[in-house]
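K.L.:
my questions are about this predicted structure, shown below with the sequence.
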Amino acid sequence: MPKIIIGNVDNESMLGDRSFLSYDFKCGTAMAASRLAWIAEEGDIIILPLIPNTEMQEYMDLIKGRRANSITFIQPQWGDQEFTPLTEEILLSKAMITEIKKAMVKNADWTLLPYMFDRTITALARELSISEGDSSIGYLAEGGGEILNDKALFRAMAANRGTNLALGQRCGSLAQLTAAFSQLIEVTGALIIKQDKNSSADGNVIVSIKPLQSTQGSSVCEIIDHSDIKEAANRTWCRLSYAEAATLIVEAYYEVEKILYMEFYADQRLRKPVFLNWGEQRMEPLFRGFVIPPELPGYQAATFSSGATELARMCLDMGFQGLLDVDGIVTTDGEIIFNEINARAGGCSHFTCNLRAFTWTPLRRPSCDYGA
C-alpha cells in the first residue's frame, strides 16, 4: 500500500509566529523533515522542504535495501524564494497538488503519512481524493491533533488525569506574567517560560535567581535579582509574546537529571494506545541523540511509563489516532514530572518503523465528507 509521506515539521500549527524564522532554523527543520525518508518504501512519495542530495539518497537506499530511484521525492518550487517549513499555502498550492497527482500511480490505494496530521493535511487529502471512513476523522478535521500539541491546553487536560505537573500558570497578559513570576520564583529559585505553540525547546526562556547546573529545555537563561522580577517579566513578554493576547506558560524550573519520552500509536480500532518505544533524550550541551531504553530505577520507570500511558489513553479517548509521544523529566531530586504531549511523529518514529517493532499501518483518511 503506497504512502504519501509529508515532512510538515514546524508547520503553522506548531509555531505561533513564523515571521522570526532564521535561515539556520529553516535548515534545522528541513533536516528534521528529511528523517522521514527512512520510513519510505519502494513506490512511496515523500514531500520535503529540501530533497536530500544524490549521495544521501543512495546511502539510504543501500541501508534500506531499496531499488535506486524507487522513491519519488518532491520539494516545492522555491524559485528565488528562500525555503521554509511546509505550511498550508505551500502544501495546498495548485503547483504542489498538480505535482503530487502526477506522481501518484493510478488505481493505487494511497495512504497519507504526515509528520503532523493537522487541518492542512485533511484538506490536502480531500484535494487528492484520498478517503476512507474513519471514526477519528471528525476529531482531526476539527483541529484535534493541533489541540494536543498546545502546551497550555496540555496542562488543563493532564491536570484532570492526576498527572504530576510542574507548578505553573497559564498567562495571557503582561500583568499575569509578572504576577506568576512573583508567585512561582521561590518554588525552586528558577522559572521556565514557554510559548504555547513551539517545539524542540524553541520559544522557551529560563529565568533564575541562582546559578544553575544545567539549563536543559532552553537555550536562553537569564540570572536575575529579586528586585529585577518586574523588569525580567517585561523583557520575557517582549521576547516571547507574538500577539496582543499571547498565551505563555510559566512553570517552576526543576533542575534535570534526565529527559524522557515514550512513544505510542493511538489505535482507535483496538481502543488502546500501543506502546512503541521509550528512551532518554540527551540534550546538553546540544542534542546528542537517545539512550534506548533509558537507564532508570524501577520506581521511576514505573511512574513514568504508567503516567505516559494514561496520557496516551486520554488522547485516544478524545478521538485521536496516530503517532504520539509523551515527554517528561527526572529531577535531580528523583521526581518524575510530565511536560507535554506531541501528537505527531517523534524523534524515534523512523527508528521504530524500520525495526518493524510493530505492525505499522499508516492512517487511511480523512473522509472527504466531513459532515457524514
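P.N.:
Thanks, I have the structure now.
K.L.:
skipping its backbone neighbours, what lies nearest L153 in space?
P.N.:
Nearest non-adjacent residue to L153, counting by Cβ to Cβ, 6 or more residues apart in numbering: I147, 5.6 Å away. Yep, even glycine has a C-beta here, placed from its N, CA and C like the rest.
K.L.:
please, which helix or strand holds the one you found?
P.N.:
Taking DSSP states H and E as the criterion, I147 maps to helix 144-148.
K.L.:
so which elements touch that helix?
P.N.:
helix 298-318 (3 or more Cβ pairs under 8 Å, 6 or more residues apart in numbering; DSSP states H and E).
K.L.:
residues of the helix it packs on that come out buried?
P.N.:
For helix 298-318, the neighbour count (16 or more other Cβ atoms under 10 Å) marks 300-301, 303-305, 307-316 as buried.
K.L.:
separation between K94 and Q77?
P.N.:
11 Å (Cβ to Cβ, to the nearest Å).
K.L.:
so if I had to pick from those two, which one is more boxed in?
P.N.:
Q77 (11 against 8; other Cβ atoms under 10 Å).
K.L.:
buried set for stretch 160-180?
P.N.:
Residues of stretch 160-180 classed as buried by neighbour count (16+ other Cβ under 10 Å): 163, 166, 168-172, 174, 176-178, 180.
K.L.:
quick one: the strands in this structure, in order.
P.N.:
Remark: strands assigned in the chain by DSSP state E are 3-6, 45-47, 72-74, 111-114, 168-171, 190-195, 204-208, 221-223, 248-252, 256-267, 272-281, 290-291, 322-331, 336-342.
K.L.:
just checking, K151 touches E340?
P.N.:
Yes - look at K151 against E340 with Cβ atoms under 8 Å: they come within range, at 5.5 Å.
K.L.:
now do the same contact list for T309.
P.N.:
262, 264, 273, 275 (Cβ atoms under 8 Å, 6 or more residues apart in numbering).
K.L.:
for T72, grab the count of nearby residues.
P.N.:
19.
K.L.:
for it, list each beta-bridge partner.
P.N.:
When bridges are called by DSSP bridges, T72 pairs up with I45.
K.L.:
can you offset everything so residue one is 581?
P.N.:
Yep, numbering from 581; the last one is T652 now.
K.L.:
per-residue pLDDT of it, please?
P.N.:
Reported pLDDT at T652 in the predicted model: 95.
K.L.:
over to T609?
P.N.:
84.
K.L.:
wait, doesn't it sit right on N588?
P.N.:
No - T609 lies out of contact with N588 (Cβ under 8 Å); the separation is 9.8 Å.
K.L.:
follow-up on the earlier one: distance of the residue nearest to L733 from I701?
P.N.:
For I727, the distance to I701 (Cβ to Cβ) stands at 15 Å.
K.L.:
neighbour count: the two, which is higher?
P.N.:
Neighbours per residue, other Cβ under 10 Å: of I727 and I701, the larger number sits with I701, 28 against 18.
K.L.:
which strand residues bridge the residue nearest to that one when sequence neighbours are not counted?
P.N.:
Spatial nearest neighbour of I701, excluding adjacent residues (Cβ to Cβ, 6+ apart): P694 at 4.6 Å. Note on P694: beta-bridge partners by DSSP bridges are I586.
K.L.:
I'm done for today, thanks for sticking with me.
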